[in-house]
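Novice: Got a predicted model here, sequence first, then my questions.
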Amino acid sequence: MEIKYNSPGRVDNLTFEYLDTKPKDKKEVERLLKLWNEEIKSQYDNLDYLQSRFFELDFSKFPNQNGASVTWFADPAEPTFCKDISVAKRLSDWGVKGRHNLHNEYCEYSIIMRTDKTGTLRPKRVQFTTELREYWLFLAIHSPFRLKNIATSILGFEPSWQDLYGIDNPFLLTEKMRRFHFAKQTAGSGKDSELKNMGVPDQPIGELNTKNALFMTHPINGLDDLLYILMFGAHPYRTKKDGEFVKAKEEQIFREYGVEHLACRHADPAAAIGAYDNVYEGKPVGFADPIGMYIQTFKQNAFSYNDEQIPNEWVKYSRGKQRLEFGPSDSEDIYLDDLKVEENGEDVKLTGGFQIAQLIEVGPFVLIGDQTEIQEDEYVEVKASDSEIKCNEASICDRINSLENEYHRERLLSIKKSFRKIE
């Protein structure tokens, strides 16, 4: 199977259309596009146990290119159902720890802090990213200069090779070792077994992608997971009720395969059931070109400053709507906590990124094929219970309880240090 996806967001001059207009570097672009599609195909092949005729990896096989809206809100769902919305805000906004532990809805954010005129450190802007870790890792291996140029355009300064790879010259390394060093410094392991065996931690040790949100690093936000969840849903599941076959319910599907925890997020039920609802009607599904995650909607009018709508200049999309930076510029004496956001019909103080993420919808672009007849041997029978999945009893809640306790310990320690300085 030959696939021809362009780069996510159609950015970085890595598109097949670019080949016709810029023949000077045609060979390099062809090489990179080929390698990127090989990466996509490899991730797909690793999920061979989920493959069926109802999921088509080759978007050109959808002649009518009928699209479907598959979106979900970007705020982390797990701390909300385990605890409550106030805990979810605190923990999700808790710097790198919040991001690395909780931002698993295919959208990660970093809060940019600045010191105001009184010397107080305050939130200034929030960077949101939906860019796939695998794409950046692919560039780090095969096109380091291109990688550095992209990072420079986002950061506003040119990072060093040390910043990106943790070494001075990536060109002296084999591709395998470039992959290792970039993953360790900037991308994390993504829970890739080879990288973990080489000593790469799940999250990067460098500051470039922790003080900023360059691209996603949470292991659950990967290309493999994106393929998995759509392919998981791309089967005509059915169950027996009163001696007759009927369409299986969402709870039965997740419970049948022991992945009830996936039903407790925003992303996975939206993607899986979005695919399943179409497949049960005999319509195959697949990803539109280019495959990736995108910021699809944002409720900008929910924010105000001095009782006025915020300026459009405070909302900056980039990277083909894979990136959003929200907030006043450094030249303005205005901070995020000067803004208000509408919550439950009331204007409340904006405190961090979680409240913004609640108003962002993200998702892939999906294609739906023409309706076909489902054969008897193509149905997948499930027998699990259709009772409600109790998300507040999920095992993740134990981890979130521990995270909350750690948050309070760290906060108490910070308060004690402040008192010592006063004394």
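Specialist: Received it, and whenever you're ready, just let me know what you need.

Novice: Which residues are in contact with residue 148?
Specialist: Contacts for residue 148 were tallied using Cβ atoms under 8 Å, 6 or more residues apart in numbering; they are 158, 159, 161, 164. For glycine as for every other residue, the C-beta is placed from the backbone atoms N, C-alpha and C.

Novice: State the three-state secondary structure for the residue nearest to the spatial centre of the chain.
Specialist: Central residue of the chain (Cα atoms, centre = their mean): residue 106, 2.0 Å from the mean position. Look at residue 106: counting by DSSP: H, G, I helix; E, B strand; the rest coil, its state is coil.

Novice: from what I can see it touches residue 293, true?
Specialist: Yes: under the criterion of Cβ atoms under 8 Å, residue 106 makes contact with residue 293 at 4.7 Å.

Novice: And the longest helix along the chain, what's buried?
Specialist: Looking across the chain with DSSP state H, the single longest helix is helix 396-422. For helix 396-422, the neighbour count (16 or more other Cβ atoms under 10 Å) marks 396, 397, 400, 403, 404, 407 as buried.

Novice: Next one: the fifth one relative to residue 31, how far apart?
Specialist: Here the distance between residue 404 and residue 31 works out to 48 Å (Cβ to Cβ, to the nearest Å).

Novice: same check, this time on the third one
Specialist: Computed with Cβ to Cβ, the distance linking residue 400 and residue 31 is 44 Å.

Novice: what does the first one give?
Specialist: When Cβ to Cβ is applied, the distance between residue 396 and residue 31 equals 41 Å.

Novice: tally of neighbours for the nearest residue to residue 360 once chain neighbours are set aside?
Specialist: Leaving out its chain neighbours, the residue that sits closest to residue 360 by Cβ to Cβ, 6 or more residues apart in numbering is residue 74, at 4.2 Å. Around residue 74 there are 29 other residues, counting by other Cβ atoms under 10 Å.

Novice: What pLDDT is listed against residue 74?
Specialist: Per-residue pLDDT puts residue 74 at 98.

Novice: Need the contact partners of stretch 190-203.
Specialist: So stretch 190-203 is contacted by 96, 100, 133-134, 137, 179-180, 183-184, 188-189, 210, 217, 219, 222 (Cβ under 8 Å, 6+ apart).

Novice: My error: substitute stretch 12-32 in the last question.
Specialist: By Cβ under 8 Å, 6+ apart, the surrounding residues in contact with stretch 12-32 are 4, 6, 7, 33, 36, 139, 142, 143, 146, 150.

Novice: And for stretch 158-178?
Specialist: 140-142, 144, 147-148, 151-152, 181-182, 184-186, 205-208.

Novice: Cross those against helices and list the overlap.
Specialist: 140, 141, 142, 144, 147, 148, 151, 152, 181, 182.

Novice: Show the low-confidence segments of the stretch 1-150 of the chain, by residue range.
Specialist: Low-confidence segments of the stretch 1-150 of the chain (pLDDT under 70): 22-23.

Novice: how about the strands of it, start to end?
Specialist: In the stretch 1-150 of the chain, the segments counted as strands under DSSP state E, counting those that start in this stretch are 66-69, 72-73, 108-115, 121-129.

Novice: which of the residues in the longest one are buried?
Specialist: Just to be clear, that refers to strand 121-129. For strand 121-129, burial by neighbour count (16+ other Cβ under 10 Å) applies to 123, 124, 125, 126, 127, 128, 129.

Novice: what angle sits between it and strand 108-115?
Specialist: Interaxial angle, strand 121-129 versus strand 108-115 (axes from the mean of the first three to the mean of the last three Cα atoms, to 10 degrees): 150 degrees.

Novice: Sheet-wise, list the partners of strand 121-129 with their directions.
Specialist: Take DSSP bridges as the rule and strand 121-129 pairs in its sheet with strand 108-115 (antiparallel), strand 323-326 (antiparallel).

Novice: Likewise for the first one?
Specialist: Using DSSP bridges, the neighbouring strands of strand 66-69 in the sheet come out as strand 365-368 (antiparallel).

Novice: Give the next helix or strand downstream of the partner strand.
Specialist: Later in the chain than strand 365-368, the nearest helix or strand by DSSP states H and E is strand 380-381.
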